[in-house]
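Asker: Okay, sequence plus prediction incoming.
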Amino acid sequence: MADQRLPPLTAIRAFEAAARHGSFTKAAEELGMTQAAVSYQIKQLEERVRTPLFLRRPRQVELTEAGLRLAPSVTQAFDILGAAFTTMRRASGEHLAISTVPTFASNWLAQRLGAFQMAHPRLSVRLDTSSHFIDFAREEMDVAIRVGRGQWPGLVSHMVEPVRFTPMLTPDLAASIGGVREPADLLRLPIIGPGDPWWPQWLSEAGAPTDDLAGRPQTQMGSQISEGRAALAGQGVGMLTPFYFKAELDSGRLIQPFDLVCENGHAFWLVYPEARRNVPKIAAFRTWLLNEIARD
């Protein structure tokens, strides 16, 4: 059976450059090799194909008939490879894929991504909202926003914002019982998501009873986005994160009746693979995101 293996790529590259330039010397300059090294590689190739590819003349070389037949195909092959890697570099460099939990996406990131894209007009951004922990080895994502304690093997983690929570409600709902003056007053109102573990923690730290929560309808809305909308609609008191409802608090559509804001040891983190720490698009997003968080 004939040997179907390719000759060494270094030898093929030396032949292509020498054929294109018509000179071993110019090929050597292009490839960063010595003229003797180029000559040696081409000699190796000729031994492999068992025919001369160049006629060596004083101060010049000339392709043989076999060399003339081979050169166009080799040049075309290198052109195809070059185009493929150029396309890959462009696709990788101009596209940033971000995976994030829905609350962070809707209540903070989506409102600011336009500023990032204006600062980096050559980057297109794809935002994927999901609560599951993506696998960077299997899923085509560059960075992710995760909730946890910031310790994931193989990933770099930057804290974005601690998970904080406190009750919020509309002014009208508070007025319906003559105002909310102490934590126990909240239990006179409908509670959004009473099964949420944030509720007993906050009430306990506030010195209010927690027994009443167990007897309430255990509705689960699944995200702060839904609970925030329910609170804004006056359907009850929501246990929400002030960081994500700053506009609603500033406008007075929601009120935070107490200064007590609790934490549970978790935080939102920007994460990406350790091996990709210095990729320009990831570095650009990291710098922008952390600066925006610090500004807020």
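Answerer: Thanks, I have the structure now. As the structure is a prediction and not an experimental result, all values here were calculated from the model.

Asker: Restrict stretch 72-89 to CA atoms and write it as CSV.
Answerer: Taking Å, rounded to 0.1, in the frame of the first residue of the first chain, the C-alpha atoms of stretch 72-89 are listed here in CSV:
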residue,chain,number,x,y,z
PRO,A,72,-0.4,25.6,-7.4
SER,A,73,-2.0,22.9,-5.3
VAL,A,74,0.3,23.6,-2.3
THR,A,75,-0.3,27.3,-2.5
GLN,A,76,-4.0,26.8,-2.7
ALA,A,77,-3.9,24.5,0.3
PHE,A,78,-2.1,27.1,2.4
ASP,A,79,-4.5,29.8,1.2
ILE,A,80,-7.5,27.6,2.4
LEU,A,81,-5.8,27.0,5.8
GLY,A,82,-5.0,30.7,6.2
ALA,A,83,-8.6,31.7,5.4
ALA,A,84,-9.9,29.2,7.9
PHE,A,85,-7.8,30.5,10.7
THR,A,86,-8.5,34.1,9.8
THR,A,87,-12.2,33.4,10.0
MET,A,88,-11.8,31.6,13.3
ARG,A,89,-9.8,34.5,14.8
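
Asker: Check which residues of it are buried.
Answerer: Going by neighbour count (16 or more other CB atoms under 10 Å), the buried part of stretch 72-89 is V74, F78. To be clear about C-beta, it is placed using only N, CA and C from the backbone, and glycine gets the same treatment.

Asker: Outside of it itself, list whatever touches it.
Answerer: Contacting residues not belonging to stretch 72-89 are listed as I12, R13, F15, E16, A19, R20 [CB atoms under 8 Å, 6 or more residues apart in numbering].

Asker: Quick check: next helix or strand after the top helix by length along the chain?
Answerer: Identified as the longest helix of the chain according to DSSP state H is helix 65-94. Later in the chain than helix 65-94, the nearest helix or strand by DSSP states H and E is strand 95-100.

Asker: element containing S226?
Answerer: Per DSSP H and E: S226 is located in helix 224-232.

Asker: got the buried residues for that helix?
Answerer: Q224, I225, S226, E227, G228, A230, A231, L232.

Asker: ok, now which ones touch D212?
Answerer: L187.

Asker: My reading is that it lies in a strand. Confirm?
Answerer: No: counting by DSSP: H, G, I helix; E, B strand; the rest coil, D212 is located in no strand; its state is helix.

Asker: Can you show me the helices along the stretch 1-150 of the chain?
Answerer: Secondary structure of the stretch 1-150 of the chain (DSSP state H, counting those that start in this stretch): helices located at 9-21, 24-31, 35-49, 65-94, 102-104, 113-119.

Asker: need the ones you listed in a markdown table with distance to N264 and mean pLDDT, can you?
Answerer: Below are the helices of the stretch 1-150 of the chain laid out as a markdown table (distance: least, CB to CB, whole Å; pLDDT from 0 to 100):
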| stretch | distance to N264 | mean pLDDT |
| --- | --- | --- |
| helix 9-21 | 56 | 92 |
| helix 24-31 | 60 | 88 |
| helix 35-49 | 64 | 92 |
| helix 65-94 | 37 | 79 |
| helix 102-104 | 15 | 87 |
| helix 113-119 | 28 | 90 |
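
Asker: would you turn those helices into a markdown table with distance to E263?
Answerer: Formatted as a markdown table, the helices of the stretch 1-150 of the chain follow (distance: least, CB to CB, whole Å):
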| stretch | distance to E263 |
| --- | --- |
| helix 9-21 | 57 |
| helix 24-31 | 59 |
| helix 35-49 | 64 |
| helix 65-94 | 38 |
| helix 102-104 | 16 |
| helix 113-119 | 27 |
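
Asker: what's the angle from the longest helix of the chain to helix 9-21?
Answerer: 110 degrees (axes from the mean of the first three to the mean of the last three CA atoms, to 10 degrees).

Asker: angle of helix 65-94 against helix 35-49?
Answerer: Our comparison of helix 65-94 with helix 35-49, counting by the same axes, to 10 degrees, yields an angle of 110 degrees.

Asker: now the contacts of stretch 72-89: which count as buried?
Answerer: Going by neighbour count (16+ other CB under 10 Å), the contacts of stretch 72-89 have I12, R13, F15, E16, A19 buried.

Asker: got those residues as TSV, with distance to A83 columns?
Answerer: Formatted as TSV, these follow (distance: CB to CB, whole Å):
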residue	distance to A83
I12	17
R13	16
F15	20
E16	15
A19	20
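
Asker: and which of those residues is nearest G150?
Answerer: Distance to G150 across the buried ones among the contacts of stretch 72-89 (CB to CB) is lowest for R13, with 46.0 Å.

Asker: Touching, the closest one and G32? I think so.
Answerer: No: here R13 lies out of contact with G32, judged by CB atoms under 8 Å, at a distance of 11.1 Å.
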